[in-house]
Each structure stands twice: as structure tokens, then as C-alpha cells.
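> Sequence first, predicted coordinates after that:
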Amino acid sequence: MVTAVTQTPSELEPSGLPPGSLPTVLSGHGNLSAREAGAAHPSIAHGWRSLVSDTIAIFKLRVTALVVMTAWAGYYLGAAQSGIDSFNFTMLDTLIGVSLVSCGASALNQALERHTDALMIRTAQRPLATGRLGLGYGVLIGMLAIISGSLWLVVRTNPITGTLTLMTAVVYVGIYTPLKRFTSMATFVGAFPGAMPPLIGWTAARGSIEWPAVALFAILFLWQFPHFMSIAWLYREDYARAGIRMLPVVQPDGWSTAAVSLIYAVLIIPISLAPYYLHIAGRIYWAGALLLGLWYLAYTIRFTRITRSSDSASRLYARALLKVSVTYLPLLLAVLMLNATRRG
């Protein structure tokens, strides 16, 4: 049972600080220097460290790293098609902007879900769920990150990239996040913003949406379903407790979860071959994508045993699929980038 939510500190005061102590020190009360103030109030240094670590936590840096990786792949491939060096200042500007927007969207997501996060074991200790960070702070820093990142992309890359990135954040925060409490179709809706980073990377390099970018979008779109179904099955009790209508919660027998995973794992095989037929990658990629797709499909087929297995066994199948899914994507993108076709 989570009780931290009922013991919430003031909204913008970091944990570990006595109420009101931070404003007193910052205002120079008693004409103390920062060093003297820290010595007089040992909890202040801890409070600042807690504020920084909690802020980093709401940015979900592991998720942001995946977003940046896929955006970089899109930029790399777009630059190769333009015949330009993919390691340049525009690439750096793209990754900075995408990182900011991703961090901001994660912060707003947790601000909206702070009450449901507090009900789930795996998320109960998140800073906004426990009240270590206040709602106002989470919303403010999330909005600042999204707006600054989008504007950065408009100015430093091109308007279409900035606009697409902002729209991605709006759909993720404004539609997908609240929709999870009402329908299992939220996973389908959430797959759209989840698949946008490589397309955004491509437009940053090329300035337009083209068929190769759509193929990259489609690969990520399809990849997400076995990945998220494995997560949803592993944490179905948590989701049920919080009232989040993931497919394993709505239909707990596992048949729909297994069927959805299998359909998308089959579809990703031909779609993952599209970069070869669109002439942005060579035969090595074609062979690599086929083998990786069959590997992903094999573990998804194994995952379908959840319909007739014990709870402990089904968790093993789900965890195995999850591990394969987070390995499949970077391997596929690595082979694609290494075997990319470069135009003169």
C-alpha cells in the first residue's frame, strides 16, 4: 500500500528540506554566503541534490536515449541519401531538440499520471507520484522543455521537423496518456508518436517526408506491439490496480494479447525489408533484417504460450520477448546504417 502520496511536501520545495528553508537561504536571509548557508543548513545541499536527481528521473533518460537513437538513425539515412556528411552541426541540433521534447513529454506524462503511478508497484516511487516534486514544477519544466526543443528544431533544422516533433509530444501527452484509462486501443494510438523519431530525423536531414522515412516509421510502429504486449503482460496486475485498460487487463485470458503480438511480429518482417526495395540499404541489410525478423517472430510465437501456461511460466515467456525486442531494434538499425546506400 502506497502512503507517500498523502504526505506531500509543498509543490516546489525539494524533499529533505524543512518547509520554507530554501526560500530563506535563496533570499540571503541573515546575509549568509552560499557556503555559510550550506554549513548552517546541511539539509540544503541534500535538497538540491534530491531536486536534480528527481528532475532527471522524470525525464526518463533511458526512454529518451532510445528516442534519440532512432532519430539519429533517421538523420543518418537521410544524410546518406543527400550525399552529405551525417556527423555535422545539424545532426547535433536535431538530437538536442528531440532530446528536449522527449524529456518534456516524459515529465508531463508523469504529471498527468501521478495518481495512477502511485498505485502501481513499479512506478510508486516516481518523484511526482510520491510528491517529492510538485505538480506545478513538473508541468512547468515539461512545458519549457517541449516548447524550447520544438523552437530549437524550427530554427536550427527546418519548420517541418519542429512541427512534427511538437505534434508528436501533443499526441503522446494530450491523447495517448489520458486514453489509457478508458480503452486498450490507447496502445495503438500511442504507437504513432512512438514511431515518429526516425521520420523526424529524416526530415531534419532532407526537409521533407519521403517514402523511406515512412518505411522507418512503419518499422518502429510495428515493433512496438510485441514489445509493449510483453510489458503489459508482466505488469498486468499493476495496470489493473491503477485502472489502466491495457489489453491483458481487459482480456486476461491472454488470447488477444498473444494474437496482437503475433500479427505485428509477422507484419514487421516484410516491412523491415522495405529499405532495401526503396534503395536506401543493400543486400546485407536485407539478409540481416530477414534473420532478425524471424528471430523476433520465434520469440513472439513462444510468447503465445501464455494462453496455456502457469503464471510463473508466462512471465518467463514475456520477459524473454521483452529482452529480444529491446535487442532487435538497435541491431536492425545498426545493420541498416552500416549498409546504407550513399548517394553521390
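Nice, thanks for sending it over.
> helix or strand for the most centrally placed residue in the chain, which one?
Note on the chain: the residue nearest the mean C-alpha position is residue 63, at 3.9 Å, using C-alpha atoms, centre = their mean. Assigned by DSSP states H and E, residue 63 belongs to helix 61-82.
> Remind me what that helix packs against, helices and strands.
If you count contacts as 3 or more C-beta pairs under 8 Å, 6 or more residues apart in numbering; DSSP states H and E, helix 61-82 packs onto helix 89-112, helix 196-206, helix 211-234, helix 311-338. To be clear about C-beta, it is placed using only N, CA and C from the backbone, and glycine gets the same treatment.
> Turn the ones you listed into JSON lines, including distance to residue 130 and mean neighbour count.
Converted to JSON lines, the helices and strands packed on helix 61-82 look like this (distance: least, C-beta to C-beta, whole Å; neighbours: other C-beta atoms under 10 Å):
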{"stretch": "helix 89-112", "distance to residue 130": "11", "mean neighbour count": "23"}
{"stretch": "helix 196-206", "distance to residue 130": "30", "mean neighbour count": "28"}
{"stretch": "helix 211-234", "distance to residue 130": "22", "mean neighbour count": "23"}
{"stretch": "helix 311-338", "distance to residue 130": "26", "mean neighbour count": "17"}
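> okay, those helices in a markdown table with distance to residue 72 and mean pLDDT next?
Formatted as a markdown table, these follow (distance: least, C-beta to C-beta, whole Å; pLDDT from 0 to 100):
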| stretch | distance to residue 72 | mean pLDDT |
| --- | --- | --- |
| helix 89-112 | 6 | 98 |
| helix 196-206 | 6 | 98 |
| helix 211-234 | 12 | 98 |
| helix 311-338 | 9 | 98 |
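> Output those as TSV; include the columns distance to residue 76.
Formatted as TSV, these follow (distance: least, C-beta to C-beta, whole Å):
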stretch	distance to residue 76
helix 89-112	8
helix 196-206	7
helix 211-234	11
helix 311-338	5
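> looking at these, which is closest to residue 187?
helix 211-234 (5.7 Å; C-beta to C-beta).
> Just to check, residue 301 is in contact with residue 262?
Yes: at 6.7 Å, residue 301 counts as touching residue 262 under the criterion of C-beta atoms under 8 Å.
> Looking at the two, which one has more neighbours?
Neighbours were counted for residue 301 and for residue 262 using other C-beta atoms under 10 Å; residue 262 has more, 18 against 15.
> which residues does the more buried one contact?
For residue 262, the contacting residues are 300-301, 304, by C-beta atoms under 8 Å, 6 or more residues apart in numbering.
> Now, these that are in helices?
Using DSSP state H, 300-301 are the members of the contacts of residue 262 that sit in helices.
> can you confirm residue 244 is in a strand?
No: counting by DSSP: H, G, I helix; E, B strand; the rest coil, residue 244 is not part of a strand but coil.
> ok, and the closest non-adjacent residue to it?
Distances taken as C-beta to C-beta, 6 or more residues apart in numbering place residue 180 nearest to residue 244, at 4.9 Å, with adjacent residues excluded.
> can you pull the pLDDT of that neighbour?
The per-residue pLDDT reported for residue 180 equals 96.
> how many neighbours does residue 122 have?
12.
> going forward, begin numbering at 243 instead of 1
Right, with 243 as the first residue, what we last looked at is residue 364.
> Now residue 582. Its backbone dihedrals?
Dihedral pair for residue 582: phi -70, psi 140, per degrees, to the nearest 10.
> need the contact list for the closest residue in space to residue 316 that isn't next to it in sequence.
In space, residue 316 comes closest to residue 443 once its chain neighbours are excluded; the distance is 2.7 Å by C-beta to C-beta, 6+ apart. Residue 443 is in contact with 312-320, 336, 340, counting by C-beta under 8 Å, 6+ apart.
> According to the record, where do the domains of the protein fall?
Domains of the chain are assigned by automatic domain parsing as 287-451, 453-586.
> burial measure for residue 529, as a count.
14.
> Confirm that it sits in a helix.
Yes: judged by three-state DSSP, residue 529 forms part of a helix.
> mind listing what the closest residue to residue 523 other than its chain neighbours touches?
Closest residue in space to residue 523, ignoring its immediate chain neighbours: residue 517 at 4.3 Å, by C-beta to C-beta, 6+ apart. Listed by C-beta under 8 Å, 6+ apart, the contact set of residue 517 reads 319, 454, 457-458, 523, 527, 531, 578.
> Right, I'll leave it there.
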